[in-house]
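In: Need a 3D model of the following:
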Amino acid sequence: MEIENLPILSHLESDFFSTLRQKGRIKEFEKGSTPIDAEATTKYFYIILEGRLKVSQINPQNAKEQTIQILTTGDMFDIIPLLDGKPHEVLATAIDNCRVFETDISAIRELIYTNPEFNRLFMPYIAKHLRSLENLAVELSLFDTSTRLMRLFLKNLDLKSSSKLKLIHDLPHEEIASLIGTVRHVVNRHIQQLKKEGILQVERKRLTLKNLEALLEKLPIKSS
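Out: Numbering: from 1, shown residues only. Below is the predicted model of the structure:
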């Protein structure tokens with residue numbers, strides 16, 4: 001995937017990409033690497049072309065990890081330093097081998113100030129991620145781990161197929177646990193129960209949703 005082919009940017013004029021490429025470059029991140037430190041978030045802005053990038057926080061005292069979001073093709077990192085100019089103390093880990101477009105953060109700020117077409121795409125993108133962070137805070141506060149797991153499955157349901165899961169389909173249980181604020185053995189217990197009820201299929205460490213209606217019936221409230 002090249003930057004010109006990303007759906008979120010596909011409607012922009014060719015001049016936009018010429019401007020971006022003058023101050024940008026393609027970079028590759030190896031699976032398992034943590035290639036972006038806090039200082040880099042104040043200098044560079046990243047658009048993901050291929051692969052998945054996990055953004056998380058880790059408690060240094062007990063090593064517990066909370067995943068904030070998983071970014072993939074077309075997503076951007078990091079919006080917060082772009083807006084406030086301060087380093088963002090998060091851990092960015094490549095879940096897969098990733099290709100990203102790295103550009104000077106000043107180039108993106110200039111586009112925000114001068115390019116209305118870019119803003120029409122970028123502002124809804126910011127809103128989507130703010131809403132995602134709000135939803136994470138609400139779920140960690142209000143729902144039990146079983147409900148959080150089922151809602152996670154719904155959020156990652158592939159709209160083209162009622163059984164396929166996006167982003168999380170091949171993640172280890174420990175990684176799924178960090179998405180919903182719990183630990184691996186709790187996630188494993190819930191997954192085994194959903195498997196027993198015929199709702200979830202686990203094959204070669206890949207998750208498939210077998211019965212969406214049954215999953216919806218188990219949720220205590222209507223899920224968005």
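
In: what domains does the record give for the protein?
Out: 3-140, 143-218 (automatic domain parsing).

In: now the last one: how far from the chain's centre is it?
Out: Distance of domain 143-218 from the chain centroid (CA atoms, centre = their mean, to the nearest Å) equals 16 Å.

In: now do the first one
Out: The gap between the average C-alpha position of domain 3-140 and the chain average comes to 10 Å, counting by CA atoms, centre = their mean.

In: what's the spacing between the one residue sitting closest to the centre of the chain and R204?
Out: For the chain, the residue nearest the mean C-alpha position is I70 (2.2 Å; CA atoms, centre = their mean). Computed as CB to CB, to the nearest Å, the I70 to R204 distance reads 21 Å. Every residue, glycine included, has its C-beta placed from N, CA and C.

In: what sits against the spatially closest residue to I58 that is not a sequence neighbour?
Out: Excluding the flanking residues, the one nearest I58 by CB to CB, 6 or more residues apart in numbering is E65, at 4.9 Å. For E65, the contacting residues are 56-59, 91, 178, by CB atoms under 8 Å, 6 or more residues apart in numbering.

In: would you turn these into a markdown table with distance to Y113 and neighbour count?
Out: Putting the contacts of E65 into a markdown table (distance: CB to CB, whole Å; neighbours: other CB atoms under 10 Å) gives the following:
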| residue | distance to Y113 | neighbour count |
| --- | --- | --- |
| S56 | 31 | 18 |
| Q57 | 31 | 13 |
| I58 | 35 | 13 |
| N59 | 38 | 9 |
| L91 | 30 | 16 |
| S178 | 37 | 23 |
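
In: quick one, phi psi at L157?
Out: In terms of degrees, to the nearest 10, the main-chain angles of L157 are phi -70, psi 130.

In: right, I mislabeled it, should have said P81
Out: Dihedral angles for P81 - degrees, to the nearest 10 - are phi -60, psi -30.

In: thinking again about what came up before, which of the contacts of E65 fall in strands?
Out: 56-58, 91 (DSSP state E).

In: could those residues go into a markdown table alongside distance to H190 and pLDDT?
Out: Shown next, in a markdown table, are the ones in strands among the contacts of E65 (distance: CB to CB, whole Å; pLDDT from 0 to 100):
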| residue | distance to H190 | pLDDT |
| --- | --- | --- |
| S56 | 21 | 96 |
| Q57 | 23 | 95 |
| I58 | 23 | 93 |
| L91 | 25 | 96 |
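
In: Tell me the one among the residues you listed nearest to V187.
Out: S56 (15.7 Å; CB to CB).

In: Quickly list what the closest one is bridged to.
Out: Per DSSP bridges, the residues bridged to S56 are T67, L91.
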